[in-house]
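Visitor: can't give you the sequence, but here's the structure:
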């Protein structure tokens, strides 16, 4: 939001003051996270600040350790599978909920987004007892399904918000021309809502990539994701290698959020073009 050119000096002053205040508050909230980045280059074998020297030894330890690389590989494998499942299920659910004649829409929507409301510890305990009965404890399929349950609400919310600006007359026009529903979806609807679908997919990926509580309950000691490995490193042995792993996660999450923001802006531009 920008001020109009005819704004008074007082309005411009308040505008600048507001921006400065928000910037300082934003920096204050991010500072505890950003301080990890310089600590990852510490030359000492323990956490010290200010740092006596600069070194890449902790990044070398991260990329040279089979334990850390195995955890990174496990996280990537689980996150990719969760992204595919959550994006498919969440998109289908959003398409169904977007129909005006969908029965009990509010109740179904509440159930779908309940993993965002219920504390993750409660969800993890429930998943543990349920998966224990069906034999999914200590297995990667169990982890993938559990993460999918946590990630799908993000896809549902994102795609539903995108569908709110979709012109349903386009779908009716395609159906009126004789195209089957799958063709209408693939050729008409999907290209217009694709930025929202991709944003939901990225949210699902990040949700799985950063999740640690559920993994602690249902994964075996040998099944280590990167967040679980970091948690174990903090609990068992405090090594500065954790700061290198955390820095990589911060950079990766920043890239994901930037991509989501770009996709959101593209989705808004598409809706604006369609509205004209």
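Guide: That came in fine, so what should we check first? Just so we're clear, the structure is a prediction, and the values are computed from it rather than from any experiment.
Visitor: Give me the phi and psi angles of residue 113.
Guide: Phi and psi for residue 113, reported as degrees, to the nearest 10, are phi -100, psi 10.
Visitor: Repeat that for residue 54.
Guide: For residue 54, the backbone dihedrals (degrees, to the nearest 10) come out as phi -120, psi 140.
Visitor: Next up, the contacts around it.
Guide: Contacts for residue 54 (CB atoms under 8 Å, 6 or more residues apart in numbering) come out as 41, 42, 43. Yep, even glycine has a C-beta here, placed from its N, CA and C like the rest.
Visitor: Among these, which one is most surrounded by other residues?
Guide: Compared across these, residue 42 has the highest neighbour count, 22 neighbours, by other CB atoms under 10 Å.
Visitor: Thought residue 59 was touching that one, still the case?
Guide: No: Residue 42 is beyond contact range of residue 59, at 11.3 Å (criterion: CB atoms under 8 Å).
Visitor: Give me the number of neighbouring residues for the residue lying closest to residue 58 once chain neighbours are set aside.
Guide: Excluding the flanking residues, the one nearest residue 58 by CB to CB, 6 or more residues apart in numbering is residue 244, at 4.1 Å. Counted with other CB under 10 Å, residues neighbouring residue 244 total 25.
Visitor: same check, this time on residue 170
Guide: The criterion is other CB under 10 Å. On that basis, residue 170 has 14 neighbouring residues.
Visitor: got it, and residue 254?
Guide: When counting by other CB under 10 Å, one arrives at 10 neighbours for residue 254.
Visitor: re earlier: contact partners for the residue nearest to residue 58?
Guide: 40, 58, 59, 61, 62.
Visitor: For the helix or strand harbouring it, list every residue counted as buried.
Guide: Assessed by DSSP states H and E, residue 244 sits inside helix 241-275. By 16 or more other CB atoms under 10 Å, the buried positions in helix 241-275 come out as 241-250, 260, 263-264, 267, 270-271.
Visitor: Show me where this protein dips below the pLDDT cut-off.
Guide: Where the chain drops to pLDDT under 70, the residues are 1-7, 45, 47, 49, 165-168, 236-237, 267-276.
Visitor: nearest spatial neighbour of the residue nearest the centre of it, skipping sequence neighbours?
Guide: Residue closest to the mean C-alpha point of the chain, counted by CA atoms, centre = their mean, is residue 203 at 2.7 Å. Using CB to CB, 6+ apart and skipping residues adjacent in sequence, the residue nearest residue 203 is residue 154, 3.8 Å away.
Visitor: now the helix or strand the one you found falls within: how far from the chain's centre is it?
Guide: Taking DSSP H and E as the criterion, residue 154 maps to helix 140-163. Here helix 140-163 is found 10 Å from its chain centre; the criterion is CA atoms, centre = their mean, to the nearest Å.
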